[in-house]
Every structure is written in structure tokens, then in C-alpha cells.
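Peer 1: Okay, sequence plus prediction incoming.
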Amino acid sequence: TPRYPTDVCPVYAPFFGAMGAAAAIIFTSLGAGYGTAKSGVGTCTMAVMRPELIMKSVIPVVMAGIIAIYGFVVAVLISGKMSDPTTYSLFSGCMHLGAGLSVGMAGLAAGFAIGIVGDAGVRGTAQQPKLFVGMILILIFAEVLGLYGLIIALIMITSAEEPDCIQPAA
């Protein structure tokens, strides 16, 4: 039976899914990029004073990079659900847009937090090594913000079921 656009599966529904996939990777990459740059500057500044602590100070950079992986996973999952535009519903498109924005904005916030804490933390650790454990704990709390967005995005992606988009015969 041929499939035609209906109210449930309009031709513009895949646009929302594509925007969700784009939002996921764009915003998490922005957060990861900011976190990497900001904490990387702190690492370089600290390395001038205490070069033996360089490996310890790379931890915030690695944690910032993980944020982009969350967005990549969600973008790939959303893209995989969009294989046939004739069966892609408006509900799925909106759910996928929400999922992309969820992980994207959470990743952006997490990246900002990791960058700021990482910069100040590695500089402070160079002067007071006892600060290291506290910095790691704060970084974990910042990283988990992105993880919350990933969890919500995965729930939204899996709850977007595909309806029957076959137009009834007139």
C-alpha cells in the first residue's frame, strides 16, 4: 500500500528530528570545546610553575571531551530512527527534538562548569596539592549534569513510537 503524508506523519516531521540530532551534537560540542579550552589554559599556566603536575591537570580536559560523546550518541540514535521519512511521525519528530535539546543544553552547561572549575582547580592545585581531590569531586558533579541530559534524551528517544502512517483509502 502506498504511503502518503497524513496529519500524523506530515512531510515536515523529519525536520524536527533533524534539528534534534543537530542540537545534540552542536550544543554538546560547544560545551566540550569551551570546557577543553578553558581548562586547557589553566593547564598551560600551571605547567609553567609545576611541570610535574601536567598529567594530573589533564583530567578536566578529558572530562570536557566526554560531554561531546553524549551528544554524538544521541545524534546517531536519532538519525537511525529517521530511515524512512514516509513513516516518521510528528510526535517522533518533536520527541527527538526534545531529546536533542535535552542532551545539548545539559552538555553545554556541563562543559561551562567543567571549564571554569577545571581552570581554577588546576591553577589552585599547583599552589596547594590538597585541593586536587576537591577539584575532582566538583568536576564529577559538573560532568553528571551532562549525564542527566543524556539519560532524559535516551528515555525520550525510546518512548517515541512509530504510528501507522498509511492513509486510509477513500
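Peer 2: The structure has been received and is ready for your questions.
Peer 1: Okay, now the unreliable bits of this structure?
Peer 2: In the predicted model, the chain carries pLDDT under 70 at residues 1-5, 164-170.
Peer 1: Helices of that one, start to end?
Peer 2: With DSSP state H as the criterion, the chain has helices at 13-49, 54-57, 59-81, 90-127, 131-159.
Peer 1: gap between the residue nearest to K38 when sequence neighbours are not counted and V61?
Peer 2: Excluding its sequence neighbours, the residue lying closest to K38 (Cβ to Cβ, 6 or more residues apart in numbering) is G115, at 3.1 Å. Glycine gets a C-beta too; all of them are placed from N, C-alpha and C. Per Cβ to Cβ, to the nearest Å, G115 is found 9 Å from V61.
Peer 1: T36 contacts M63, correct?
Peer 2: No. Taking contacts as Cβ atoms under 8 Å, T36 lies outside contact range of M63: 9.4 Å.
Peer 1: For I116, which non-adjacent residue is spatially closest?
Peer 2: Nearest to I116 is K38, by Cβ to Cβ, 6+ apart, at 6.3 Å.
Peer 1: For A142, see how far away the one you found is.
Peer 2: For K38, the distance to A142 - Cβ to Cβ - is 12 Å.
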